[in-house]
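1. Compute the structure for the input listed below.
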Amino acid sequence: MRVYCATGNPGKLREFRLGLGGVVDVETVPLSLAPEETGATFEENAVLKALYYAKFFDGLVFAEDSGLEVNALGGAPGVYSARFAGPEASDQDNNRLLLEKMQGIQDRTARFVSVIALAQGAHIVATFRGEVEGEILLAPRGENGFGYDPLFYYPPFRCAFGEASVESKMQVSHRGKALAQMLAFLLGRT
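-> Numbering: from 1, shown residues only. Model prediction:
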């Protein structure tokens, strides 16, 4: 079975391919004209992207929106996670700004959220949501992963996602959970 994946993020693509475990062939779609992410929620942005790209392909297309919600920051950075420090911000820029905003804050609880929208033609077939709870560290730890992984401490692992292997992380992560739901859905359709 083949599905088309709308992402320009190499870290996400690696996790998508790992999460779908070779059971589903993931082919990337060209992202030369990406739609603006104007949704107020992860769901809205994932649906917007999936419907946009599904117009150009004959088959199932999935798009994902994900990010970090920090309780003490009222859920920020949320849908602005990738551009928290500005439209051209790097992961390091975003992490630095998050640490600045968290200075002196005791409540460091946070969650990663991932929503995958699966579309065909002009229709959404299904959406899948995954979340994982953790805490924001005082400084980055580890070289693995991407985005906020070095700052996201996952208590059951006793380490940051940046210190965990991608295989371990995918067993419990927000994206891993959403992908597992999508895989079960796709396998149930065949």
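
2. so how far is stretch 90-100 from its chain's centroid?
-> When distances are taken as Cα atoms, centre = their mean, to the nearest Å, stretch 90-100 is centred 17 Å away from the chain's centroid.

3. Check which strands are paired with the lengthiest strand in the chain and give the direction for each one.
-> Using DSSP state E to define each element, the chain has its longest strand at strand 123-136. Strand 123-136 pairs in its sheet with strand 109-120 (antiparallel), strand 152-154 (antiparallel), by DSSP bridges.

4. Now render these as a markdown table, adding mean neighbour count.
-> All C-beta spots, glycine's among them, are computed from the backbone N, C-alpha and C. A markdown table is the format used below for the strands paired with strand 123-136 (neighbours: other Cβ atoms under 10 Å):
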| stretch | mean neighbour count |
| --- | --- |
| strand 109-120 | 22 |
| strand 152-154 | 23 |
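
5. May I see these arranged in JSON lines, with distance to residue 172 and mean pLDDT as well?
-> Supplementary listing: the strands paired with strand 123-136 in JSON lines, determined by distance: least, Cβ to Cβ, whole Å; pLDDT from 0 to 100:
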{"stretch": "strand 109-120", "distance to residue 172": "10", "mean pLDDT": "98"}
{"stretch": "strand 152-154", "distance to residue 172": "7", "mean pLDDT": "98"}
